[in-house]
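Student: sequence and predicted structure below; questions after.
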Amino acid sequence: MRLGVKKRVDAPRIVGVGTAVPATSYSQRELLDEFRITDPRIRSVFLNSAIDRRGLTLPPLGPDGSRCVESQGDLLRKHVTNGLALGTRAVASCLDAAGATPSDVGYLCCVSSTGFITPGFSALLIKELGLSVHCSRLDVVGMGCNAGLNGLTAVAGWAGAHPGELALMVCIEACSAAYVFDGTMRSSVVNSLFGDGAAAVAVRRPDGDVPRGTALLRFSSCIIPDAIDAMRYDWDDDHGKFSFRLDQDVPYVVGAHAELALGKLLDGTDLHRSDISHWIIHSGGKKVIDSVRANLGLSRHDVRHTTGVLREHGNLSSGSFLFSYQRLLAEQSAVPGEFGVLMTMGPGSTIEMALVAW
């Protein structure tokens, strides 16, 4: 099937990508000082995270100069306001890269895990951007960091069934709206990791014209039910708000199953790991990246964009892999005939993969 894969000129293709982050960015040390954190264990978690800076919207200052405690209502409003602003910018950038306009969009998929609203971001963006009121839409809510590839699967499916028409996915993650500050090590690990950001990708199946962009050849999923509680975002009675929980064994669970997930993706293609020239992996955290790299036999160069995004923006949840993909495009190192793998990981515990070709 190797030659067959290369000849899939009718596959849906990525024709544009755009990203957005907040105007306010903080170093890890600045965040520790802002929240007056002196516990040496917590400071060590922040300062040894392989993250330099993150875009965040911090709680307002109180009368004593300290950061206020935000209610769940405050956080939900932050999710909507910041998410819509970031999503709008990412979509505009993506459409510009694709040489398209809002009126060209026939399908819109919005992905988010940092809040819940009805109607969802898809309806809000259609109104905000002036997309067609007949635009088909989907909101993927609560799937976590892996959800970008879950959404892209749906987008590629729609584009494949509608040759020549433009499908769009936007991942909107206002992670500032999902933080709990209680001084515990559990919350501190989460608070040291995530940043705000949005990423959009445009997909179109060629319709008689010369194919351009990155071909989306196939997708695969691998869920690990035994680790279903390892990553969760659920209600915390003690704080009266939603809270994210991250088990310390997550990196090792994900890494241990990475080869199994890759085998499923390549099964029947006559392709091997050595045939993959480019790796775009979710910037889940230093330990997660190291574990995946070790289990798949990848070099530091293979994950350079993954670690670069983590260093400059933190974990951007579902849209992280698109930030890395955008860097690969800017690098102009991928050439026709090469294959790549997109990989995201998240609650479930879940590993999602996509095989792409240039």
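Tutor: Noted; the coordinates are in hand. Numbering: from 1, shown residues only.
Student: please name the residues that touch residue 177.
Tutor: Shown in contact with residue 177 (CB atoms under 8 Å, 6 or more residues apart in numbering): 75-76, 78-79, 82-83, 114-115. All C-beta spots, glycine's among them, are computed from the backbone N, C-alpha and C.
Student: looking at those, which one is closest to residue 50?
Tutor: Ranked by distance to residue 50 (CB to CB), the contacts of residue 177 are led by residue 114 at 22.2 Å.
Student: before we move on, the earlier item: save the contacts of residue 177 as a markdown table, and put in pLDDT, neighbour count and distance to residue 288 too.
Tutor: Formatted as a markdown table, these follow (pLDDT from 0 to 100; neighbours: other CB atoms under 10 Å; distance: CB to CB, whole Å):
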| residue | pLDDT | neighbour count | distance to residue 288 |
| --- | --- | --- | --- |
| 75 | 92 | 20 | 25 |
| 76 | 94 | 18 | 28 |
| 78 | 94 | 21 | 26 |
| 79 | 95 | 24 | 24 |
| 82 | 97 | 24 | 25 |
| 83 | 97 | 26 | 24 |
| 114 | 92 | 27 | 19 |
| 115 | 92 | 23 | 24 |
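Student: from these, which is closest to residue 184?
Tutor: residue 75 (18.1 Å).
Student: did I read that right, the closest one in a strand?
Tutor: No. According to DSSP: H, G, I helix; E, B strand; the rest coil, residue 75 belongs to no strand; its state is helix.
Student: the closest residue to it other than its chain neighbours: what secondary structure?
Tutor: Once flanking residues are discounted, residue 75 sits nearest to residue 177: 4.5 Å by CB to CB, 6 or more residues apart in numbering. Of the three states, residue 177 takes helix according to three-state DSSP.
Student: quick one: residue 177 from residue 258, how far?
Tutor: The spacing between residue 177 and residue 258, counted by CB to CB, to the nearest Å, is 30 Å.
Student: the residue nearest to residue 75 and residue 194, how far apart?
Tutor: 10 Å.
Student: quick one on the thing from earlier: could you check how far the residue nearest to residue 75 is from residue 16?
Tutor: Counting by CB to CB - residue 177 and residue 16 are separated by 27 Å.
Student: try residue 261
Tutor: Counting by CB to CB - residue 261 and residue 16 are separated by 27 Å.
Student: which of those two has more neighbours?
Tutor: Between residue 261 and residue 16, counting by other CB atoms under 10 Å, residue 261 is the more crowded of the two (24 against 21).
Student: which one is residue 307 nearest to, not counting chain neighbours?
Tutor: Per CB to CB, 6+ apart, closest to residue 307 is residue 289, 6.2 Å.
Student: I figured that neighbour hits residue 303, correct?
Tutor: Yes. Look at residue 289 against residue 303 with CB atoms under 8 Å: they come within range, at 5.8 Å.
Student: could you pull out the helices for this protein?
Tutor: Assigned by DSSP state H, the chain shows helices spanning 2-6, 28-34, 40-47, 72-98, 121-129, 147-161, 185-191, 250-266, 286-296, 304-313, 320-331.
Student: would you single out the least confident of these?
Tutor: With a mean of 47, helix 2-6 has the lowest mean pLDDT of those.
Student: what would the helices of the chain look like in TSV with distance to residue 138?
Tutor: Putting these into TSV (distance: least, CB to CB, whole Å) gives the following:
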stretch	distance to residue 138
helix 2-6	27
helix 28-34	35
helix 40-47	36
helix 72-98	14
helix 121-129	7
helix 147-161	6
helix 185-191	28
helix 250-266	23
helix 286-296	27
helix 304-313	25
helix 320-331	17
